[in-house]
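Asks: Provided below are the primary sequence and the corresponding predicted coordinates.
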Amino acid sequence: MSYQTISLTEEAGIATITLMRPEVMNALSTLMRAEMLDAFRRAATSARVVVLTGSGRAFCSGQDLGDGAKVAEIDLERTLRDEYEPLLRAVMDCPVPTIAAVNGTAAGAGANLALACDVVIATESASFIQAFTRIGLMPDAGGTYWLPRQIGFARAMGAMLFADKITARQAADWGMIWEAVPDAGFADHIATRAGALAKGPTVAYRGVKQALRQSYANDLEAQLALEARLQGACGLTRDFKEGVVAFIEKRAPVFEGR
């Protein structure tokens, strides 16, 4: 499949989706959102991990305010419902682990797109900005859901009202992202992290994702029941049997993702 605004490659179980509009800091156009949605759906059927990253000096600067109609004529509610929501759901509901490899600025909807991934790894020079109030808008693209759960109400409120830049190191210290790593060797680090997940127990990872995401809505009784059901499914996999045998034989397991 050939795309105009992104690229999709797959190797050794790792699907990499790269935003390819560096001239506008990978701003999200209607076409880019549609292509990303297609790419995530395709990657979910064949890969064992999906990496989302940007080209050039930015990860994603958010909504492309120069895309199509004049800014004042954009139907923001329709755009969020019809274009952003399907994309965000495809990211969050992806059956395999997703990594946001944030190589530079992640602003507005671009920051919240990264937060929708399972794991966020950023270069130390990267930053996250809830930039919406700078143009008279409130945060969207799931930001008001994810951020208070990740960094707490007070920090989320401050980040959204003041639209201050949050450095990658600060984001890691706050628990907003998994880790901030040196710019030098970033690609190799992402390859190592993604490679580890690609070789891991895919069904178990799927259970982790489902259990954690549903825990926000469940009470303890419902969560315990969910854990039991998902663990039962893990116990029937070839990977569980391999994991036990490898443990007994004191060797590294070779998981097949089934």
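Replies: It's in. Numbering: from 1, shown residues only.
Asks: all contacts plus neighbour counts: C-alpha atoms, from now on.
Replies: OK.
Asks: give me the mean pLDDT for the helix or strand where residue 45 lies.
Replies: Take DSSP states H and E as the rule and residue 45 turns out to sit in helix 30-46. Averaged across helix 30-46, the pLDDT comes to 96.
Asks: by contact count, what packs against it?
Replies: If you count contacts as 3 or more C-alpha pairs under 8 Å, 6 or more residues apart in numbering; DSSP states H and E, helix 30-46 packs onto strand 6-11, strand 14-19, strand 49-54, helix 85-92.
Asks: out of these, deepest packed?
Replies: Most buried of the helices and strands packed on helix 30-46, by mean neighbour count (mean count of other C-alpha atoms under 10 Å): strand 49-54, with a mean of 26.
Asks: contact partners of the helix or strand following it?
Replies: Beyond strand 49-54 in the direction of the C-terminus, DSSP H and E gives the next helix or strand as strand 58-60. For strand 58-60, contacts defined as C-alpha atoms under 8 Å, 6 or more residues apart in numbering pick out 19, 22, 25-28, 53-54, 101-107, 110-111.
Asks: in helices, which of those fall?
Replies: Mapping the contacts of strand 58-60 onto helices (DSSP state H) picks out 110-111.
Asks: mark which of the contacts of strand 58-60 are part of strands, please.
Replies: 19, 53-54, 101-102, 105-107 (DSSP state E).
Asks: residue 172 is in contact with residue 179, correct?
Replies: Yes. Residue 179 lies in contact with residue 172 (C-alpha atoms under 8 Å); the separation is 5.3 Å.
Asks: and residue 122, what does it touch?
Replies: For residue 122, the contacting residues are 100-104, 168, 177, 179-181, by C-alpha under 8 Å, 6+ apart.
Asks: 7 Å instead?
Replies: 101-103, 168, 179-181 (C-alpha atoms under 7 Å, 6 or more residues apart in numbering).
Asks: again with residue 194
Replies: So residue 194 contacts 14, 49 (C-alpha under 7 Å, 6+ apart).
Asks: how about stretch 130-138 as CSV, C-alpha atoms only?
Replies: In CSV, the C-alpha atoms belonging to stretch 130-138 read as follows (Å, rounded to 0.1, in the frame of the first residue of the first chain):
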residue,chain,number,x,y,z
GLN,A,130,-1.0,21.0,25.3
ALA,A,131,-1.1,24.0,23.0
PHE,A,132,-4.8,24.3,22.5
THR,A,133,-5.5,27.4,24.6
ARG,A,134,-2.9,29.3,22.7
ILE,A,135,-5.5,29.5,19.8
GLY,A,136,-8.6,29.7,21.9
LEU,A,137,-9.5,26.0,22.1
MET,A,138,-9.6,23.4,24.8
